[in-house]
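Enquirer: Here is the input, now give the coordinates:
(chains A and B)
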Amino acid sequence: MATPASTAAAAAGPAPASALLDVRDLHVEFRTRDGVAKAVNGVDYAVAAGETLAVLGESGSGKSVTAQAIMGILDVPPGRVTSGEILFRGRDLLQLKEEERRRIRGAEMAMIFQDALSSLNPVLSVGDQLGEMFVVHRGMSRKDARAKAVELMDRVRIPAAKERVTQYPHQFSGGMRQRIMIAMAMALEPSLIIADEPTTALDVTVQAQVMDLLAELQRELNMGLILITHDLGVVADVADKIAVMYAGRIVETAPVHEIYRAPAHPYTKGLLESIPRLDQKGQDLFAIKGLPPNLMNIPPGCAFNPRCPMAQDVCRTDVPPLYRVTYEGLAAERRSACHFWKETLRG
Amino acid sequence: MPEPHEPAEGAIAGTGAGGAMDLAASEATTLSPDGTGAAGPGGGPGTPARSLWSDAWRDLRRNPVFIISGLIILFLVFISLWPSAIASGDPLDCDLANAQKGSSPGHPFGYNGQGCDVYTRTVYGARASVTVGVCATLGVAVLGSVLGGLAGFFGGAWDAILSRITDIFFAIPVVLGGLVLLSVVTSNTVWPVIGFMVLLGWPQISRIARGSVITAKQNDYVQAARALGASNPRMLLRHIAPNAVAPVIVVATIALGTYIALEATLSYLGVGLKPPTVSWGIDISAASQYIRNAPHMLLWPAGALAITVLAFIMLGDAVRDALDPKLR
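Expert: Take a look at the predicted model:
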């Protein structure tokens, strides 16, 4: 069996020097009573300043765990980063002391969570929670921090910010709460934001507004944004490039429009085909057959092989490296972890 | 692009939270005259930077349950400190000739089995009972929540060791433990009794604190605070403790009543407080055998005990409610 780590790393090669965040061959596992779950198995991705990377994948594909490892908020134990590098502005975060990492969190990189209601402390007013960013990282007085909180709430367009700054999270609507989360993450103008399904808990009309706000603030502050999602619709408008994850590995990375035009991995293809379409009435929705693999027992070879319509013998034995995908008219880098990417690309 | 959508959500949120906003505004207006709300309503640079505790205090001051129980407790503290202010007699000035007599002028509660004035003894008894109850509860609550909270927060080996120690203490029967441990004490003060209660009582609070810290720790907002750079002490004190303290307060206030009752039990067995210390427990146990002949001897100290315990439980209830903003 080929070692997935070495092949993937070799294929990925050095990331561009401009990368703000460069994750290299990251492995994370969870030790539980039932065994070791390999949640992340050699993830490589890079984000530059001002760039939006969308990380796609179904539940359990390791996209959130990768984000937690980058932020340094993995639950240890049972979680553990077993190998890899997380280079943030050239420094390997995994080598830093916990106290140094804590100072980076919030100030230089911040995270937005899925469910804003449960991500805000119910017993603290939103002003207190927003202001806390300035108290913790800037040593501001409570009064100055409160003024900053009002400023931030204005910035994320919460009406009547001055009056509402003393209210508690449960007194806000879902969209407003997510704006407050965004304001908290933006507070210290970090250079990287990780948004973990920021709009999943919102209703559709509010989703677009929140995404637009996020994209607008990102442009203003020239931040790198990692957008974790399983919603392909959200991705198309805002992302620059896409990384598709499956069973803890990146299976495809590509500029966003290329991937919609022609996927180079059967899993991506399946994902795109399973989007409900408005123009075709009365048809059954397409679903990828089978279930995602048990992370304690990932199939040998390509992890997707039991569900893949194109699987051959080689897929059951050899882990596919991240092949460089090339074709005429492709400007940016594109990769696919499929032995048969050429066939997939052709459709 | 966002501009056209913008008013829509603003309007929806506005109607949704309209009631709450009006409420907040009116509260701010009513608040400012008495000076606690800092500047006036409507924010501005002077928007009061209220904390959880100041919000809770503002709520408590309007809660009749809190006011009534608070007044009872203040009164109890007052007579514990200065019993002679409302009882002119001496609780140890007894005359057996008056034993078990009912109420008479100047002695409204009558006399007890030793011919002592029940009113004077009930007033003087507050000191021992309140001291034992309050000190034992404070000791138990502080020790239990610190140890339990740290075990719950850090987990791992600390947690395992502490949990086993709690189990050991749980296995000690209270009355038997009291008989063994307190029988060797010769001191006439309340401190050995309080120390014994703290020693056996902290595991109860520790377990509750540990459990509620573990529950609070798993909340997304603790993870979010961590992701935004909060340190361990800050997460514990700002985000976990306020969300974990409610069960501790409730159990502690209920426990306060049981400690006062336990003091009575231990005194009855002769290992708690000893005469000439005056306590409700001593009087209740002494009077209990005469309940059919002279019920007044039992009813007054027992009534005082019941009111005290009730007042503390009501106070605990009000404080718990005030600390939960969702009930506002």
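
Enquirer: Find the closest residue to chain A in the stretch 101-250 of chain B.
Expert: B:Gly229 (3.0 Å; C-beta to the nearest C-beta). In short, each C-beta sits where N, CA and C put it, glycine included.

Enquirer: what residues are up against the closest residue to A:Val126 other than its chain neighbours?
Expert: Leaving out its chain neighbours, the residue that sits closest to A:Val126 by C-beta to C-beta, 6 or more residues apart in numbering or on different chains is A:Ile180, at 5.2 Å. A:Ile180 makes contacts with A:116, A:120, A:126, A:129-130, A:153, A:156, A:158, A:169, A:172, as judged by C-beta atoms under 8 Å, 6 or more residues apart in numbering or on different chains.

Enquirer: of those residues, buried ones?
Expert: With burial judged by 16 or more other C-beta atoms under 10 Å in any protein chain shown, the buried subset of the contacts of A:Ile180 is A:116, A:120, A:126, A:129-130, A:153, A:156, A:158, A:169, A:172.

Enquirer: TSV please, covering these and showing distance to A:Leu295 and secondary structure.
Expert: As requested, the buried ones among the contacts of A:Ile180 are exported to TSV (distance: C-beta to C-beta, whole Å; DSSP: H, G, I helix; E, B strand; the rest coil):
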residue	distance to A:Leu295	secondary structure
A:Ala116	28	helix
A:Leu120	30	coil
A:Val126	37	helix
A:Gln129	34	helix
A:Leu130	37	helix
A:Met153	40	helix
A:Val156	37	coil
A:Ile158	40	coil
A:Pro169	33	helix
A:Phe172	36	coil
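
Enquirer: Show me which of the contacts of A:Ile180 is closest to A:Val23.
Expert: A:Val23 lies nearest to A:Ala116 out of the contacts of A:Ile180, by C-beta to C-beta, at 26.1 Å.

Enquirer: tell me which element the closest residue to that closest one other than its chain neighbours is part of?
Expert: Among residues not flanking A:Ala116 along the chain, A:Arg177 sits closest, at 3.7 Å (C-beta to C-beta, 6+ apart). Assigned by DSSP states H and E, A:Arg177 belongs to helix A:174-186.

Enquirer: With B:Asn293 instead?
Expert: Of the helices and strands defined by DSSP H and E, none includes B:Asn293.

Enquirer: Next, count neighbours for the closest residue to it other than its chain neighbours.
Expert: Leaving out its chain neighbours, the residue that sits closest to B:Asn293 by C-beta to C-beta, 6+ apart is B:Gln100, at 6.4 Å. Neighbour count for B:Gln100, taken as other C-beta atoms under 10 Å in any protein chain shown: 17.

Enquirer: For B:Gln100, give me the pLDDT.
Expert: Note on B:Gln100: pLDDT of 71.

Enquirer: For the stretch 1-150 of chain B, which segments count as helices?
Expert: Under the criterion DSSP state H, counting those that start in this stretch, helices of the stretch 1-150 of chain B are mapped to B:2-31, B:52-60, B:64-81, B:118-154.

Enquirer: Lowest mean pLDDT across those, which one is that?
Expert: With a mean of 38, helix B:2-31 has the lowest mean pLDDT of the helices of the stretch 1-150 of chain B.

Enquirer: give me phi/psi at A:Gly282?
Expert: For A:Gly282, the backbone dihedrals (degrees, to the nearest 10) come out as phi 80, psi 10.

Enquirer: how many neighbours does it have?
Expert: The local packing of A:Gly282 (other C-beta under 10 Å) involves 4 other residues.

Enquirer: what's the distance between it and A:Asp34?
Expert: Remark: distance between A:Gly282 and A:Asp34 (C-beta to C-beta, to the nearest Å) = 43 Å.

Enquirer: Perfect, that will be all.
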